[in-house]
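1. Build me a model from this:
(chains A and B)
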There are 2 protein chains.
Amino acid sequence: MGVTSTSGWIDELRRLLPDPRRVSTSHAVLENHSHDFSYHAPRLPSAVVFPETTEEVSAILRFANEHGIPVVPFGAGSSLEGHVVPVKGGISLDLTRMNEIVEVRPDDFVVRVQAGVPRSRLNQRLARDGLFFPVDPGADATIGGMIATNASGTSAVRYGAMRHQVLGLEVVLADGTIIRTGSLAVKSSAGYNLTGLFVGSEGTLGVITEATLRVYPLPEYVVAARATFPSVDAAARVAVGLIRAGVPVARVELVDDATVQAVNSYKGTNYPERPTLFLEFSGPEAAVRADVDFARDLAATEDGLGFEFESDEKARERLWEARHHAALAIAAASPGKKMMITDVCVPISHLPEAIRHARRTAEEHGIQAAIFGHVGDGNYHAVFMVDPDDPEDVARAERVNAAIVQHALARGGTCTGEHGVGMGKKKYLNDEHGQALAVMRAIKKTLDPRNVLNPGKIF
Amino acid sequence: MGVTSTSGWIDELRRLLPDPRRVSTSHAVLENHSHDFSYHAPRLPSAVVFPETTEEVSAILRFANEHGIPVVPFGAGSSLEGHVVPVKGGISLDLTRMNEIVEVRPDDFVVRVQAGVPRSRLNQRLARDGLFFPVDPGADATIGGMIATNASGTSAVRYGAMRHQVLGLEVVLADGTIIRTGSLAVKSSAGYNLTGLFVGSEGTLGVITEATLRVYPLPEYVVAARATFPSVDAAARVAVGLIRAGVPVARVELVDDATVQAVNSYKGTNYPERPTLFLEFSGPEAAVRADVDFARDLAATEDGLGFEFESDEKARERLWEARHHAALAIAAASPGKKMMITDVCVPISHLPEAIRHARRTAEEHGIQAAIFGHVGDGNYHAVFMVDPDDPEDVARAERVNAAIVQHALARGGTCTGEHGVGMGKKKYLNDEHGQALAVMRAIKKTLDPRNVLNPGKIF
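-> Here you go, the predicted model:
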């Protein structure tokens, strides 16, 4: 480093901002920025910085780059692979004060937001114009964090992942240069797709400060449904059958029987302990009613054991309760432990086999897991609780995780469908990408030659 | 160059391939690879090479890179901005012998194809499995070419552009290294989105040899419709109204009144000379019928002057005839001239104003133009015929093109929605991208340090 000591550069950093209190070294603040929602080992940053403008982010990065100080962007801290852990120390760059909804353009189905806006707040604002932002990763993440990991979630089957929603970005590069990618147009072929390159780059190529997003009309009518089946395969066939018939299903989630059993134990409920599909249909009322009828008939052809549906908002939430509580049921059984969650995505036809393999592997290792999947995308999660302080416990869970990843890669899948690489998936990238990984490294080196942007992640 | 003369390296190149006749220097073959479908000035390559395997492409690139010989990938030659013109001479790399449909995976909604497969042949093959590939740029382009320009067309409003369909690629880099990006899974967050970076890179970062694409179930029922309106604005409001209502319209095209008039002169037809919407609806029959009813009612609220629809395939084609013949009508009026076609994309709400501005600008310059738009995307084209040998004619058309681009950029749009940069849009990239253009250049330099891959394009 070009400065003599940590306290030396922190003092310099304070002079870069109009209010020195926006550089914090209080233990509570450092601790809060030392970990994410997962089992990955925490580490304290040297300082947490709270910029309020893109120009401030630029000044901080220029300073950090000159002095070789690591910078780790931080939003809601809800990542699941240790993305926001400052493994090399340095600056945790907290973007939550950059939380302005800059411009809503309802007639263009476009919105511009700063990176620190939480998605719940964006949706509250959009509802005033009859619009919504569809990507729903579960947690109330910030838009910047969702872009950084290319988040998706339950609605990706209909709307796609973050990659499909981001039309343009404002990004601060390692040396402090501010660039704007993309435009307000919904498509473009004007040169390299830099927008798409920064989406999913996990803070390693630049700091995202603002985004232009596609938004969608709130549907006129929404129906939620729940259907139980004799097997995971039968449930998956119904999900794929809907897609094959051209039904624009809004969400289609599969929860396996052992997971329903865990929910029943946790909640005292008595849901049928069978593979269960959770569905959502949305659109003009007549079309939705036709879709629901079609789905019910299709479920019957697969010996469906029950098909319930609701259109009232509260009733819809109740109907989906077992899906929402799947991970919680596992967490509640292991107080004090931390969450490890697999995230492979396989070719759609391989999903039932992959889920059965994951269940079997977990059982063989004596691990209780919640298993649920975005069955329209081939993406599913096995959630287990681990004790980060018990190396044997972690190692056992890692073995299950590795077996699940290798099973997916052998079928042409990916080690992470939506959570990103962070620290947890680094070891699989060579197997997944081979020589292409060298191209990723070359791009990283070109854009961040001093390796100050979230070092230790992805590579 | 590391070799003494053109004929010297061509002889060396012949020895790299199993059959020396796959390196051609015949004038007819060179001429055929000297131009695309547009007005851009042709130039002959020194040789046209016809590889049949990825390994051959690798050997050719390694050789060309060592000797500093330009390589320009060539498919159907249907690009519209001079992309395939070998402006620096060298090798035209014709990929049309790499035309295998490698694997159809109907249960995964995925297909793997070599770059030289024309889209019509892909769709013929997919139909056997009840599937289709939706991207429809008009011309019967190769899949490789469509990826290289991030093509889209009339169906993008429903399915998105090429960028949304490509799950993975096999790419040969400048030094001959073969990489594979992406996977068979429909989504991934496993590192940088190299797939998305190569889509739209116009042969300047690597040669695409194979692609993994999403495919879709053939719709059960299709209806085409045609509706006329008192103004471009009224027609556009109906298009946007459909989107706002959540109607999954499959295509929605706008043709302005002067263009319908040109079609009537050319074809001897008597279509109402009014702004006209061409629509397509597809999906389960009940849903489509509901969508058509909704659209007809919506058109009536905008003083629609007529709304016709058909479900029979032949009748559907007849109904869309004026849209299909829009460009031809202009071409027929100017035999011997070449086509210049603008391609801006603006925020959706600006489309009517942009179309009126384009019509006015063309008229002010005494230019007859066909103007039609992908009104759901904000992307439209003005087609004019120019005489490439008349500098004044070209300059006048260029002025109209430039005015249209500047109008779009001032509204947050892009200079090219789907045709790409090639030679024709280079001059606008600095205005559109500013500092981000330097990042594109840095990536180009990292992946193609000797600038052998399609030099003179994009930058």
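
2. Would you confirm that residue A:137 contacts residue A:151?
-> Yes - using C-beta atoms under 8 Å, residue A:137 makes contact with residue A:151 at a distance of 4.2 Å. Yep, even glycine has a C-beta here, placed from its N, CA and C like the rest.

3. can you list residues touching both of the two?
-> Overlap of the contact sets of residue A:137 and residue A:151 (by C-beta atoms under 8 Å, 6 or more residues apart in numbering or on different chains) consists of residue A:418.

4. Which one's more surrounded, these two?
-> Set residue A:137 next to residue A:151 and count neighbours by other C-beta atoms under 10 Å in any protein chain shown: residue A:151 wins out with 28 against 23.

5. hang on, the more buried one packs against residue A:135?
-> Yes - assessed by C-beta under 8 Å, residue A:151 is found in contact with residue A:135 at 6.1 Å.

6. Show me the common contact partners of these two, please.
-> Common neighbours of residue A:151 and residue A:135 (C-beta under 8 Å, 6+ apart) are A:161, A:162.

7. Next up, the contacts around the spatially closest residue to residue A:295 that is not a sequence neighbour.
-> Excluding the flanking residues, the one nearest residue A:295 by C-beta to C-beta, 6 or more residues apart in numbering or on different chains is residue A:242, at 6.0 Å. Listed by C-beta under 8 Å, 6+ apart, the contact partners of residue A:242 are A:249, A:252, A:279, A:294, A:295, A:298.

8. low-confidence ranges in chain A?
-> A:1-5 (pLDDT under 70).

9. Give me the residue at the spatial middle of it.
-> In chain A, the centroid-proximal residue (C-alpha atoms, centre = their mean) is residue A:151; its distance is 3.5 Å.

10. if I pick it, what's in contact with it?
-> Counting by C-beta under 8 Å, 6+ apart, residue A:151 has contacts A:135, A:137, A:141, A:145, A:161, A:162, A:418, A:419, B:189.

11. which residue sits closest to the fifth one, ignoring its sequence neighbours?
-> Excluding its sequence neighbours, the residue lying closest to residue A:161 (C-beta to C-beta, 6+ apart) is residue A:152, at 3.7 Å.

12. Quick check: the one you found touching residue A:162?
-> Yes - the criterion here is C-beta under 8 Å, and residue A:152 meets it with residue A:162 at 6.7 Å.

13. Mind checking which of the two has more residues around it?
-> Per other C-beta under 10 Å, whichever of residue A:152 and residue A:162 has more neighbours is residue A:152, with 30 against 26.

14. Residue A:418 versus that one, what's the distance?
-> 4 Å (C-beta to C-beta, to the nearest Å).

15. shared neighbours, these two?
-> Counting by C-beta under 8 Å, 6+ apart, the common neighbours of residue A:152 and residue A:418 are A:137, A:161, A:379, B:187.

16. and the last one, how many residues sit next to it?
-> In other words, residue B:187. The burial count for residue B:187: 25, using other C-beta under 10 Å.

17. helix or strand for it, which one?
-> In the assignment (DSSP states H and E), residue B:187 maps to no helix and no strand.

18. Flag every residue of the stretch 351-459 of chain A that's near chain B.
-> By C-beta under 8 Å from any C-beta of the partner chain, the residues of the stretch 351-459 of chain A that approach chain B are A:377-379, A:408, A:411-421, A:425, A:428-429, A:432-440, A:442-447, A:458.

19. Quick check: ChimeraX command selecting the buried ones in these.
-> Those of those that count as buried under 16 or more other C-beta atoms under 10 Å in any protein chain shown are selected in ChimeraX with:
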select /A:377,378,379,408,411,412,413,414,415,416,417,418,419,420,421,425,428,429,432,433,436,437,439,440,443,444,447,458
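
20. ok, now which ones touch the nearest residue to residue A:40 once chain neighbours are set aside?
-> Spatially, and ignoring its direct neighbours in sequence, residue A:40 is nearest to residue A:82 (3.2 Å; C-beta to C-beta, 6+ apart). When contacts are counted by C-beta under 8 Å, 6+ apart, residue A:82 touches A:35, A:36, A:38, A:40, A:41, A:422, A:423, A:424, A:457.

21. do the same with residue A:263
-> So residue A:263 contacts A:269, A:271, A:322, A:325, A:326, A:329 (C-beta under 8 Å, 6+ apart).

22. now the fifth one: how far from residue B:407?
-> In this structure, residue A:326 and residue B:407 are 52 Å apart, going by C-beta to C-beta.

23. How many residues are close by the residue nearest to residue A:70 when sequence neighbours are not counted?
-> The shortest distance from residue A:70 to any non-neighbouring residue, by C-beta to C-beta, 6+ apart, is to residue A:90 (3.2 Å). For residue A:90, the count of nearby residues is 23 (other C-beta under 10 Å).

24. hang on, the earlier thing: adding neighbour count and secondary structure, write the contacts of residue A:242 out as CSV.
-> Output for these, formatted as CSV (neighbours: other C-beta atoms under 10 Å in any protein chain shown; DSSP: H, G, I helix; E, B strand; the rest coil):
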residue, neighbour count, secondary structure
A:249, 20, coil
A:252, 28, strand
A:279, 28, strand
A:294, 19, helix
A:295, 27, helix
A:298, 20, helix
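
25. coming back round to it: where's the residue nearest to residue A:295, which helix or strand?
-> Taking DSSP H and E as the criterion, the element that holds residue A:242 is helix A:232-244.

26. helix or strand for the nearest residue to residue A:332 once chain neighbours are set aside, which one?
-> Of all residues not flanking residue A:332 in the chain, residue A:266 sits nearest, at 5.2 Å (C-beta to C-beta, 6+ apart). In this structure, residue A:266 sits in helix A:257-267 according to DSSP H and E.

27. next one: residue A:380
-> strand A:379-386.

28. For stretch A:308-316, buried residues please.
-> By 16+ other C-beta under 10 Å, the buried positions in stretch A:308-316 come out as A:309, A:310, A:316.

29. Can you tell me the SS state at the residue nearest to the centre of chain A?
-> Taking DSSP: H, G, I helix; E, B strand; the rest coil as the rule, one finds residue A:151 in the coil state.

30. now the helices for the stretch 301-450 of chain A?
-> A:313-319, A:321-324, A:326-332, A:351-364, A:391-410, A:429-433, A:436-447 (DSSP state H, counting those that start in this stretch).

31. Apologies, that question was intended for the stretch 151-300 of chain A.
-> Using DSSP H, counting those that start in this stretch, helices in the stretch 151-300 of chain A cover A:156-159, A:162-165, A:194-198, A:232-244, A:257-267, A:285-301.

32. circling back: I'd like the shared contacts of residue A:152 and residue A:418 as a markdown table, with distance to residue B:126 appended.
-> Converted to a markdown table, the shared contacts of residue A:152 and residue A:418 look like this (distance: C-beta to C-beta, whole Å):
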| residue | distance to residue B:126 |
| --- | --- |
| A:137 | 33 |
| A:161 | 24 |
| A:379 | 24 |
| B:187 | 21 |
